[in-house]
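>>> Structure for the following, please:
(chains A and B)
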Amino acid sequence: MKGEFTPKIVGFLCNWCSYAGADLAGTSKLKMPPSVSSIRVMCSGRVDPVLVATAFLRGADGVLVAGCHPGDCHYEKGNYYARRRFAILKKVMETLGLESERLRLSWVSASEGPRFQEVITEFTEKIKKLGPNPVKEKTSL
Amino acid sequence: MEEKIGVYVCECGPNIADNVHIDRVLDAVSGLEGVVVAKRHKLLCSEDGKKFLKQNIEEHGLTHLVIAACSPKLHELTFMNVCEEAGLNPYLFQLANIREQCAWIVEDKEEATEKAIRYTRAAVSRIRYHTPLEKKEIESNPDVLVIGGGIAGIEASLLLASKDRKVYLVEKTSSIGGMAKEFKQLFPKMEPTSNILEQKVQDVLKNENIEAFTDTKVEEVLGFFGNFVVKVKKKTETEENEFKVGAVVVTTGLNLFDPTKLSRYGYGTLSDVYTALEFERMNTKGKILLKNGNPPKSVGIIHCVGREEKGYCSRVCCLYSIKFARYLKAEIPVVNISQFYSDLCVPGKSYQRFYEETKEEGVDFIRAQDIEVTESNGQMSVNYKIESRKPKTEHRNVDMVILAPAIESSGDSSEIAETLNIHQGDEGFFTEEHEKLGPVSTSLEGVFIAGCAQGPKSIPDSIVQAEAVAGRILSSLIPGRKLEPEVKISEISDAFCIGCKTCISVCPYSAIVFDEIKRISVVNEVLCRGCGNCSAACPSGAASHKHFTFRQVYQEVMEALR
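A predicted model of the protein is given here:
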């Protein structure tokens, strides 16, 4: 390991709001850490909890799911389903001995470039404090 | 067939090239399995760039195309069109966003390059699992469902029918005409309502393009703009009627605030307190009389009943209250009339004069607060406070009170909102797509609102909205134009489905039905909009979201963690 710990974060962004918000952060040239790899999905409700669990088991230091604000979902209510799924998933993580703060659900609209920057920066800082995913060490044995 | 993946990295002028070592991105993907060519270009979205891509696809016989450039929101469609021109299925293409979400946001060039490599590798890794998807075309239906046979619904129906659109006009009560048919005359010109309305109702009933259903409820509306399937049911029948339309107009009108909720006005407890609608009906049917059979000598008209509770002004109450004074003066010239208002609202080019002329006829307008109606020894009186530097309490004896209750959304609005999947605001009226720029459309394409269903308004304003809706429909729903339903939809594997119906419960579009014989869920490919919620919820892995399959997204996750 050289130097500072650079977290690996998977960011699932919904196509309509958060991915567009991330693009806006880009066109506004807002700088942020390179830690989050964004993956476009059509809706935050598309994010399969199994995929999130898989990401953690394969060593993700954090997972971000970002979607439209409540009431603004392009598909009416996908973000509400996402919210419920992640409330449960956080509980599951705790029972597995994984800090539930490693999973973050955020609402970022298409017009919120600065908010996207803030979410990415804050979450990266948080994960840095938590350190590397402990699962990674165990599975590498 | 052996896969041949081509990877092309766009410099986007200096936009990407300045902050990403493009050659290193090319090096990183060149050796990957299946990649037969990796090149850079100055500007792939330019005419020259598109020609370059097309030539490359043909020359190398590419089976898959990966482009690392700007956001898919910007040029995904551009490059999909290039694929089509070159004979490559456009869904065998993936765009890695190394501009907006990489070059422009990462300060350090080394770090930006690493991130660009991750994104490009992820696209290569994912694309191996892409399958060609086919676009479908379906006929659009130019016909229209209008819900609510009031003045707005009538106006919209007649206009649409005049352009040979088939209109299904569904009214829940036993007759067409809506609330306006209760009114004897209309402000400000006091012309008989029948002059306007009766002819229109007759026109609706005679029009061959309009099929009017009375005593009928809309049971179900499924689909999208250009292709809705509607089920309606007449109260007296058990059979449902089903038809197809391309657009839906909601003109479900209004309810009045129930004044029994505010006991201070004496409605329901004192004998000669009437709502505005009851007074209209009394006047339309015959004479204005008290319960004892005598004409009233003095009448108090109380404005703004429920305004505070509802939190908005209903726009027309001041004007019809002034009209009531005209009704009364016409029939009982000696009657005393007092109007108790809190804010007189008479905007527009003709209403100020209407108010002034009525006032000149000897109608008192009193700006009052804390209004209360009481009765003692058979004498009713309106008690109120006058706001001034020294507030004082006053009262007026009256023998009839007319209340002007706030306009509320129609009682069945919530049901309609649920059936159609449109939104209601906190006050219960249907929410327009945009307050200023989309005042008659809703969040659901192809569903429009007009009249009091959208908010309290006058007859001319309702007609304006109805005409706007007709304009919107006639200009966007063109007969013969084909529709392209979403391609990236869900599919459910017959073999893996366990028939638990979880997918059905999470689908926002009722696009999944249950096959009772096979005991499995089946996706309706026309109704599915491709949100993927079912595939995230499916416990058996049977539901899959095309172009965002578990495997495809998994590949991206793995590259992010490399």
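
>>> Which secondary structure state does residue B:248 sit in?
Following DSSP: H, G, I helix; E, B strand; the rest coil, residue B:248 is assigned to strand.

>>> What's the per-residue pLDDT of it here?
The score at residue B:248 is 98. That number is its pLDDT.

>>> how much space between it and chain A?
Going from residue B:248 to chain A by C-beta to the nearest C-beta, to the nearest Å gives 16 Å. In this view, the C-beta of every residue, glycine as well, is placed from N, C-alpha and C.

>>> What is the burial count for that residue?
27 (other C-beta atoms under 10 Å in any protein chain shown).

>>> Contacts only, for the residue nearest the centre of chain A.
The residue at the geometric middle of chain A, judged as the C-alpha nearest the mean C-alpha position with C-alpha atoms, centre = their mean, is residue A:64 (0.5 Å). Neighbouring residues of residue A:64 by C-beta atoms under 8 Å, 6 or more residues apart in numbering or on different chains: A:9-12, A:36, A:104-106, A:119-120, A:123.

>>> So which of these belong to strands?
With strands taken from DSSP state E, the overlap with the contacts of residue A:64 comprises A:9-12, A:36, A:104-106.

>>> just the residues you listed that are near chain B?
Of the entries in the ones in strands among the contacts of residue A:64, the ones placed beside chain B under the rule of C-beta under 8 Å from any C-beta of the partner chain are A:9-10.

>>> what kind of secondary structure is the nearest residue to residue B:93 once chain neighbours are set aside in?
With C-beta to C-beta, 6 or more residues apart in numbering or on different chains as the criterion, residue B:93 has its nearest non-adjacent residue at 4.4 Å, and that residue is residue B:65. With three-state DSSP as the basis, residue B:65 sits in strand.

>>> my guess is residue B:65 meets residue B:34, correct?
No. With contact defined as C-beta atoms under 8 Å, residue B:65 does not count as touching residue B:34 (12.0 Å).

>>> Next one: the nearest residue to residue B:494 once chain neighbours are set aside from residue B:498, what distance?
Closest residue in space to residue B:494, ignoring its immediate chain neighbours: residue B:520 at 5.9 Å, by C-beta to C-beta, 6+ apart. For residue B:520, the distance to residue B:498 equals 8 Å [C-beta to C-beta, to the nearest Å].

>>> Could you tell me which residues touch both of these two?
The contact sets of residue B:520 and residue B:498 overlap at residue B:542 (C-beta under 8 Å, 6+ apart).

>>> These two: which has the busier surroundings?
When neighbours are counted by other C-beta under 10 Å, residue B:520 and residue B:498 differ, and residue B:520 comes out ahead with 19 against 14.

>>> check contacts around the more buried one.
Counting by C-beta under 8 Å, 6+ apart, residue B:520 touches B:492, B:494, B:497, B:499, B:514, B:542.

>>> ok, back up a step: give the residues shared as contacts by residue B:65 and residue B:34.
By C-beta under 8 Å, 6+ apart, residue B:65 and residue B:34 have these common neighbours: residue B:5.

>>> When those two are compared, which one has more neighbours?
When residue B:65 and residue B:34 are compared for neighbours, residue B:65 comes out ahead with 28 against 15, by other C-beta under 10 Å.

>>> so the more buried one bridges to which residues?
With beta bridges defined as DSSP bridges, residue B:65 has these partners: residue B:6, residue B:93.

>>> so how far is residue B:486 from it?
22 Å.

>>> number of nearby residues for the residue of the stretch 251-400 of chain B found nearest chain A?
Using C-beta to the nearest C-beta, the single residue of the stretch 251-400 of chain B nearest to chain A is residue B:311, 19.4 Å away. When neighbours are counted by other C-beta under 10 Å, residue B:311 registers 10.

>>> again with residue B:97
By the measure other C-beta under 10 Å, the count of residues near residue B:97 is 25.

>>> now residue B:427
Neighbour count for residue B:427, taken as other C-beta under 10 Å: 15.

>>> Can you tell me the element it falls in?
Take DSSP states H and E as the rule and residue B:427 turns out to sit in neither a helix nor a strand.

>>> okay but it is in contact with residue B:409, surely?
Yes. Here residue B:427 reaches residue B:409: they are 6.8 Å apart, a contact under C-beta under 8 Å.

>>> Now the nearest residue to residue A:45 once chain neighbours are set aside. Its backbone dihedrals?
Taking C-beta to C-beta, 6+ apart, and ignoring the residues beside it in sequence, residue A:45 has residue A:78 as its nearest neighbour in space, at 2.8 Å. For residue A:78, the backbone dihedrals are phi -60, psi -40 (criterion: degrees, to the nearest 10).

>>> Nice, that's everything, thank you.
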